[in-house]
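**Student:** take this sequence and fold it.
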Amino acid sequence: MSTNKVIIRFFILVFVITINIKALSAQTPIIYSFTTSGNCTSPNVTVTINGNNFFGATAVTVGNNAVTSFQVISNNNITAIVPVNSFGVIKVITPFGIVNSTDSFYSNKSYTAYAYIPNQGSNSVAVINTVKNTVVDSIPVKASQLSASPDGTKVYVADFLSNTVSVISADSNKVMATLTVNSPVGIRFSPDGTKVFVSSTRNNLISVINTATNTITASVNVGANPEYISVSPDGTRLYVSTGIGRNTITVVNTVSNTVVATFPCNDNWGSVVSPDGTTLYVTNVNHNTVSVYSTVNDTLLSTISVGANPEFMSISPDGIMLYVTNSVGNTVSIISTATNAVVATDTVGTAPEGISITPDGSCIYVINTGSNTVSVISTVTNQVLATIPFVNISAGIGNFIANLPTECNQSSTNMPLVLLDFTVELMSANSICNWQTNNENNTRQFIVERSIDGLNYNSIGFINAIGNTVKDNQYKYMDTNIVNQFNISTLYYRLKMLDKDGHFTYSKIVSLTINAKNGFSIYPNPAYNFVSVETPFFLNNGELLITDMSGKLLKKQKMTSKKTVVDLAAISTHFCLITIKSDEGIKTEKLMVR
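**Tutor:** Presented below is the predicted three-dimensional model:
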């Protein structure tokens, strides 16, 4: 073969290789941009990825996790279904290469609490955005009292004059159904949101509404003049003000829909049950007092003096503080449930009646029927934060505030705040909360929340964010004198991280043992199939007992080590007590079984 032919073949080979390299390069995927859409009430959002050379794509990921599903629409577009709360760069993998997006994606479900205020004079319900404390909508519907569902998706509105209960969709603020109920007054949801209980004063009934079908499924005769209702946390008991002059409390079993008890309580008006289900608080309007009853045996435990003509109440999610409206005194009494004493009094508008607390426990909303205003009180400072004017509002008895999933906070440019660490430690009698952040873009505030059961949280303080910085920031908050304040072994903490636009996310939950020498820890709490009980040292002749709130023995088990695992399969009650007996003494803790 001549030298010229070899040279020609070499150049041909180089040309072919170059063409193939260019062809392969042309097939390497490229991401130009992406857009998002979706509804926060669903578990996923849709991401449309725009670019080139997507044919043959084998995988799409966000951060380190694969998307739920994806579809190659064209060589230039991919549609991916991404779980809510995902964040990170988007990666597309094809047989010809891997490409990462320049920008990061995140989608974080957020909630906004809305207060629903009945305006009986104008036959409407006003909607307040509790982040901005402004009225954002007005729903045309006849209303005297109302109650918002636990999941924030529905509001049931009772109107005494028209004998109706209307059902409002919180997503659209439209009436979706109307039921006929004779003379409805009190209205309350069951804790699981499957039932609504309505009192009918003229026919002495409690009507039970199935919220799935919006039909009345049962009626319970509770005696003369039933008005205001409270519901136990497990949903098995109703406490109804009854009798001429409201001189009795009638107790209804919601499983059998039967009256199981009646006990005297003069001039009773509103009532509320503690989050642990053990205590019933009842206002005595003409006596200027609040009566405290045991729900185990319906006996009077204490009487608390408050302001003039106390009417309705709301209790903090952790059960530590009780808030009472005094309609003649134009005040709200703030009661410590640990001491059953008034610890603060706030002056609000004229004739305060309805009262409700935000789901995070940070604010109280008070309906002042005399001045046609709504007062907003901070539960951290016990100060009035805002006063919102209205026209012809009514009492608003019931829980009129609920969280509604609002936005998914989807972004292709701004990464969310990064919480690098959150710890809680015991120092002397105080707990010290420490956390470290990064990328504080648009961050406004950190709210510290505490719980005694790991389920219901209450705001105890806040620290303003340094904000708009990418560097690491350190924060510290002290919860003072907790060892002497709580007679329990474990407290739970979390952070509510609030943006300037009102959106927020929660940190992980951190537990703190505060009484290990004399107590024991139980986890998880709430528990499902099993619960672990751990003591700081081996107990001599240790025995574990589980009882219901009335003291009935449900389970007994020997303790042969510092850690005991208990099978809860046979436990049907939602609230119970765990007691440890040993030569060292006796200690009891509360447990929720789900």
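**Student:** need the pLDDT of residue 38.
**Tutor:** Residue 38 is assigned 63 on the pLDDT scale.
**Student:** same deal with residue 148?
**Tutor:** Per-residue pLDDT puts residue 148 at 92.
**Student:** what about the nearest residue in space to it that is not next to it in sequence, neighbour count?
**Tutor:** For residue 148, ignoring the flanking residues on the chain, the nearest one in space by CB to CB, 6 or more residues apart in numbering is residue 402 at 3.6 Å. Glycine gets a C-beta too; all of them are placed from N, C-alpha and C. By the measure other CB atoms under 10 Å, the count of residues near residue 402 is 25.
**Student:** does residue 402 count as helix, strand or coil?
**Tutor:** Three-state assignment for residue 402 (DSSP: H, G, I helix; E, B strand; the rest coil): strand.
**Student:** against residue 376, how distant is it?
**Tutor:** Residue 402 is 16 Å from residue 376, where distance means CB to CB, to the nearest Å.
**Student:** swap in residue 140?
**Tutor:** 25 Å.
**Student:** and these two? which has more neighbours close in?
**Tutor:** residue 376 (20 against 12).
**Student:** quick one: secondary structure of the more buried one?
**Tutor:** strand.
**Student:** isn't it right next to residue 365, touching?
**Tutor:** Yes - the pair residue 376 / residue 365 is scored as a contact, 5.9 Å apart, by CB atoms under 8 Å.
**Student:** okay, and the common contacts of those two?
**Tutor:** The contact sets of residue 376 and residue 365 overlap at residue 130 (CB atoms under 8 Å, 6 or more residues apart in numbering).
**Student:** got the phi/psi numbers for residue 298?
**Tutor:** Note on residue 298: its backbone torsions stand at phi 60, psi 30 [degrees, to the nearest 10].
**Student:** make that residue 484, sorry
**Tutor:** Per degrees, to the nearest 10, the backbone of residue 484 is at phi -90, psi -20.
**Student:** which pLDDT value goes with it?
**Tutor:** Looking at residue 484, its pLDDT is 71.
**Student:** let me see the contact set for the closest residue to it other than its chain neighbours.
**Tutor:** Excluding its sequence neighbours, the residue lying closest to residue 484 (CB to CB, 6+ apart) is residue 429, at 5.9 Å. By CB under 8 Å, 6+ apart, the contact set of residue 429 is 480-484.
**Student:** what's the answer for residue 170, then?
**Tutor:** Residues in contact with residue 170 (CB under 8 Å, 6+ apart) are 114, 148-149, 152-155, 402, 404.
**Student:** ramachandran angles for it?
**Tutor:** For residue 170, the backbone dihedrals (degrees, to the nearest 10) come out as phi -70, psi -20.
**Student:** per-residue pLDDT, it?
**Tutor:** pLDDT, residue 170: 88.
**Student:** quick one: it from residue 388, how far?
**Tutor:** Taking CB to CB, one finds residue 170 at 19 Å from residue 388.
**Student:** residue 375 and residue 348 touch, don't they?
**Tutor:** Yes - between residue 375 and residue 348 there is a contact under CB under 8 Å: 4.0 Å.
**Student:** shared neighbours, the two?
**Tutor:** Common contacts of residue 375 and residue 348, defined by CB under 8 Å, 6+ apart, comprise 332, 366, 368, 384.
**Student:** the strands in the stretch 401-550 of the chain, which residues?
**Tutor:** Assigned by DSSP state E, counting those that start in this stretch, the stretch 401-550 of the chain shows strands spanning 401-405, 418-427, 430-438, 443-451, 458-464, 473-479, 490-499, 504-506, 510-513, 521-523, 530-534, 543-548.
**Student:** tell me who's in contact with residue 378.
**Tutor:** For residue 378, counting by CB under 8 Å, 6+ apart, the contacting residues are 362-363, 385.
**Student:** now residue 364
**Tutor:** Here residue 364 is in contact with 314, 323, 332, 355-358, 376-377, 379 (criterion: CB under 8 Å, 6+ apart).
**Student:** partners of it in the sheet?
**Tutor:** As for beta bridges, residue 364 partners with residue 357, residue 377 under DSSP bridges.
**Student:** and it, how far is that from residue 380?
**Tutor:** Distance from residue 364 to residue 380, by CB to CB: 11 Å.
**Student:** ditto for residue 218
**Tutor:** 42 Å.
**Student:** do the same with residue 362
**Tutor:** 7 Å.
**Student:** shared neighbours of those two, which are they?
**Tutor:** Shared contacts of residue 362 and residue 380, counting by CB under 8 Å, 6+ apart, come down to residue 459.
**Student:** okay then, goodbye and thanks.
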